[in-house]
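Participant: sequence and computational prediction follow.
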Amino acid sequence: MQPFRILVIGAGHTGTPLLQQLLAAPFVSVLGVADLDLSLPSIELARSHGVPVTSDFMGLLAAQGSAADIVIDVTGQPAVRDALRRHMVDTGNQQTVILHETIALLLMSLSAGQRIESRHGELAYA
């Protein structure tokens, strides 16, 4: 059975524990991680697992987007969400799902058995 193929956009407070769980899951293949700060511990974690990392999330999406099942956006930035959605429409990518940070937090909370909060404040999905 083919693993879930994932791109992670954002490797900070929310992205780090999420990335740890994704990398530990035998049924997940992390295709790439993007964050503006390539000195973060989670970026080093990705590198240590042979996962490509970049500060250019749109470049990562252009290179790997059609191969991904899910793009997980944990940046908390509405402009990133908008750019991801525009890219999917512009490229006709109808198979890749964009997972919003709120959903990632829900799944992480279920896994942890307690609510995990975002440091990004309220995350409206516009």
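Facilitator: Thanks, I have it.
Participant: alpha carbons only for contacts and neighbour counts from here, please
Facilitator: Will do.
Participant: helices or strands up against the longest helix that the chain contains?
Facilitator: Looking across the chain with DSSP state H, the single longest helix is helix 78-91. The helices and strands touching helix 78-91, judged by 3 or more Cα pairs under 8 Å, 6 or more residues apart in numbering; DSSP states H and E, number zero.
Participant: give the buried residues for that helix.
Facilitator: 80-81, 84, 87-88 (16 or more other Cα atoms under 10 Å).
Participant: now the next helix or strand after that helix: buried residues?
Facilitator: Using DSSP states H and E, the next helix or strand after helix 78-91 towards the C-terminus is strand 97-99. By neighbour count on 16+ other Cα under 10 Å, the buried set for strand 97-99 is 97-98.
Participant: what angle do helix 78-91 and the helix or strand bottoming out on mean pLDDT in the chain make with each other?
Facilitator: Every helix and strand of the chain was ranked by mean pLDDT, DSSP states H and E. The lowest is helix 101-112, at a mean of 84. On the basis of axes from the mean of the first three to the mean of the last three Cα atoms, to 10 degrees, helix 101-112 is oriented at 110 degrees to helix 78-91.
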